[in-house]
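[1] need the 3D shape of this:
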Amino acid sequence: MLDKVALDRDNVAGDVAAVMDGLGRNAKAAGHVLATASTEAKNAALNGMADAILAAQDEILAANAADLKNIEGKGLLPSFIDRLTLTEKSIAGMAEALREIAEFKDPVGEVIAEWDRPNGLHIERARTPLGVIGVIYESRPNVTADAGALCLKAGNAVILRGGSDSAYSSKAIHDCLVAGLRVAGLPEHAIQIVPTTDRAAVGAMLSGLNGAIDVIVPRGGKSLVARVQNEARVPVFAHLEGLCHIYVDASADLDMAKKIVVNAKMRRTGVCGAAETLLIDRAAANTHLKPILEALADTGCEVRGSAEVMMTFPASKQATEEDWRTEYLDAVISVTIVDGISGAIEHINTYSSNHTEAVIAEDPAVVARFFNELDSAILLHNASTQFADGGEFGMGGEIGISTGKMHARGPVGVEQLTSFKYRVRGTGQVRP
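    Numbers count the residues shown, from 1 in each chain. As a prediction, this is how the structure comes out:
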């Protein structure tokens with residue numbers, strides 16, 4: 001299998017444009033079939049994919065081992081390696097996520113609003129697939145399964161372009177998705193993977209493949225997402241970075257605050273919902289600051305604090321202006337003291353990437369201001385920022401988190417991968 005992946009790369013190395021054009025044409029044709037595919041056929045494909053992934057566990061792990069070997073000595077962050085690594089548990093999780101998506105209500109054709117006009121016309125707004133979705137991702141082989149499944153359930157064809165670091169793993173998972181499509185009698189081109197790691201393939205996708213791609217979803221680092229947003233000629237669902245904040249108010253329960261802050265920062269430091277900046281109410285500095293920072297330090301987290309924070313917690317390092325703008329994706333957190341909820345809102349509005357923010361407070365007026373005056377995609381009260389996840393929202397696997405304000409925002413699940421059309425029914429009406 002590994003030799004075949006290498007051969008596929010070589011075969012397309014000199015003709016990337018032609019290969020990508022073919023992917024686009026095939027996806028467009030498959031998309032027309034998927035748009036009217038039955039719920040039963042889509043669910044059969046998803047369950048077939050889950051069965052194939054479990055049956056191919058050894059092959060997937062071998063492919064992943066090859067990817068991990070290829071990155072040895074590159075000095076990559078532990079968070080990067082964590083996202084790339086697959087285990088028996090994570091493979092079982094992939095299969096389970098596919099089955100969960102199969103259980104979801106099919107959004108295609110759902111009437112989301114309807115009304116009658118005085119002239120007797122009956123108008124419906126109904127969900128319809130977007131068409132063809134391009135997904136560009138790095139070091140996250142599980143995205144292959146999540147994106148393929150979500151797009152299929154929503155009636156969309158998808159073209160997947162994984163990173164070179166996860167090429168073997170993504171190819172092995174993709175083989176299982178195609179097997180599921182075959183089981184259900186759906187077109188194999190419904191879920192395609194770019195068979196080359198040549199960066200020109202990304203440029204081709206961003207161009208829209210001659211009108212074949214309807215939307216692009218990037219999943220990866222800041223440089224990838226910035227390139228996609230700057231160069232794409234089609235709409236993009238994306239967030240540039242997850243610069244997430246937690247504000248601890250004077251009314252916060254200290255034990256709760258410690259538990260939430262440690263979880264938000266340290267559960268998984270490499271996810272976009274990990275907290276990067278901690279804001280402490282000045283009125284709580286004497287009671288809350290030191291215990292919370294000690295709890296973080298006890299888990300191995302490096303604290304970078306303002307001058308005021310360093311006076312209370314000398315073990316912290318001096319924070320710079322750049323720290324307030326940094327998504328660490330590592331066991332590092334920046335900390336400062338603010339003047340209550342007004343100071344917290346001002347700081348977040350200045351530095352946030354509008355991804356996810358949390359407030360820990362018992363004062364309902366503080367919570368109300370936090371929810372009303374901040375405009376990030378996800379806002380939480382007395383809960384960890386690590387809940388910024390489509391699965392935790394009950395959406396099953398997510399294709400990404402969108403911080404934009406058009407169409408989809410927050411976790412992008414099955415419903416967010418549809419648009420809508422109007423169906424107007426008359427009885428012979430003409431316009432005077």
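[2] any regions of the stretch 251-400 of the chain where pLDDT drops low?
    Within the stretch 251-400 of the chain, the stretches with pLDDT under 70 are 396-397.
[3] go with 80
    Scanning the stretch 251-400 of the chain for pLDDT under 80 picks out the ranges 391, 394-398.
[4] leaving out chain neighbours, which residue sits closest to residue 233?
    Leaving out its chain neighbours, the residue that sits closest to residue 233 by CB to CB, 6 or more residues apart in numbering is residue 208, at 5.1 Å. Using the backbone N, CA and C atoms, a C-beta is placed for each residue, glycine as well.
[5] same question, residue 253
    Nearest one to residue 253, counting by CB to CB, 6+ apart, is residue 362 at 6.5 Å.
[6] what's around residue 400, how many residues?
    26 (other CB atoms under 10 Å).
[7] what's the answer for residue 288, then?
    Neighbour count of residue 288, defined by other CB under 10 Å: 22.
[8] wait, isn't it in contact with residue 254?
    Yes. Using CB atoms under 8 Å, residue 288 is in contact with residue 254, at 5.6 Å.
[9] helix or strand for the residue nearest to residue 43 when sequence neighbours are not counted, which one?
    Closest residue to residue 43 apart from its sequence neighbours, by CB to CB, 6+ apart: residue 102 at 4.3 Å. Using DSSP states H and E, residue 102 sits in helix 88-103.
[10] for that helix, the distance to its chain's centre please.
    Centre-to-centre, helix 88-103 and its host chain are 17 Å apart (CA atoms, centre = their mean, to the nearest Å).
[11] what is that helix packed up against?
    Judged by 3 or more CB pairs under 8 Å, 6 or more residues apart in numbering; DSSP states H and E, helix 88-103 is in contact with helix 39-55, helix 57-70, helix 142-153.
[12] which positions in it come out as buried?
    For helix 88-103, burial by neighbour count (16 or more other CB atoms under 10 Å) applies to 91, 93, 94, 95, 97, 98, 99, 100, 101, 102.
[13] ok, back up a step: would JSON lines of the helices and strands packed on helix 88-103 with mean pLDDT be doable?
    Below are the helices and strands packed on helix 88-103 laid out as JSON lines (pLDDT from 0 to 100):
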{"stretch": "helix 39-55", "mean pLDDT": "98"}
{"stretch": "helix 57-70", "mean pLDDT": "96"}
{"stretch": "helix 142-153", "mean pLDDT": "95"}
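[14] closest to residue 354 out of the ones you listed?
    Closest approach to residue 354 among these (CB to CB): helix 142-153, 22.1 Å.
[15] which strands or helices does that closest one pack on?
    Judged by 3+ CB pairs under 8 Å, 6+ apart, the packing partners of helix 142-153 are helix 39-55, helix 88-103, strand 132-137, strand 157-161, helix 167-184, strand 191-193, strand 215-219.
[16] still on that earlier bit, how many neighbouring residues does the residue nearest to residue 233 have?
    A count of nearby residues for residue 208, using other CB under 10 Å, gives 19.
[17] for residue 127, same thing?
    Neighbourhood size, residue 127 [other CB under 10 Å]: 20.
[18] how far is the helix or strand hosting it from where the chain is centred?
    If you go by DSSP H and E, residue 127 is part of strand 122-129. The chain centre lies 27 Å from the centre of strand 122-129; the measure is CA atoms, centre = their mean.
[19] buried residues in that strand, which are they?
    For strand 122-129, burial by neighbour count (16+ other CB under 10 Å) applies to 126, 127, 128, 129.
[20] got the contact list for the residue lying closest to the first one once chain neighbours are set aside?
    In space, and not counting its chain neighbours, residue 126 is closest to residue 111: 5.1 Å by CB to CB, 6+ apart. Taking CB atoms under 8 Å, 6 or more residues apart in numbering as the criterion, residue 111 is in contact with 124, 125, 126.
[21] can you show me the strands along the stretch 201-350 of the chain?
    Using DSSP state E, counting those that start in this stretch, the strands of the stretch 201-350 of the chain run over 215-219, 244-248, 275-281, 302-305, 317-318, 332-338.
[22] show me what the third one packs onto, helices and strands only.
    Taking 3+ CB pairs under 8 Å, 6+ apart as contact, the helices and strands that strand 275-281 lies on are strand 244-248, helix 254-266, strand 332-338, helix 340-351.
[23] buried residues in the longest one?
    Going back to what we said before, that points to helix 254-266. For helix 254-266, a neighbour-count test (16+ other CB under 10 Å) marks 257, 258, 260, 261, 262, 263, 264, 265, 266 as buried.
[24] hmm, residue 255 and residue 360 touching each other?
    No. With contact defined as CB under 8 Å, residue 360 does not count as touching residue 255 (10.8 Å).
[25] one step back: how about the helices and strands packed on helix 142-153 in JSON lines, adding distance to residue 234?
    Below are these laid out as JSON lines (distance: least, CB to CB, whole Å):
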{"stretch": "helix 39-55", "distance to residue 234": "24"}
{"stretch": "helix 88-103", "distance to residue 234": "25"}
{"stretch": "strand 132-137", "distance to residue 234": "8"}
{"stretch": "strand 157-161", "distance to residue 234": "12"}
{"stretch": "helix 167-184", "distance to residue 234": "22"}
{"stretch": "strand 191-193", "distance to residue 234": "17"}
{"stretch": "strand 215-219", "distance to residue 234": "6"}
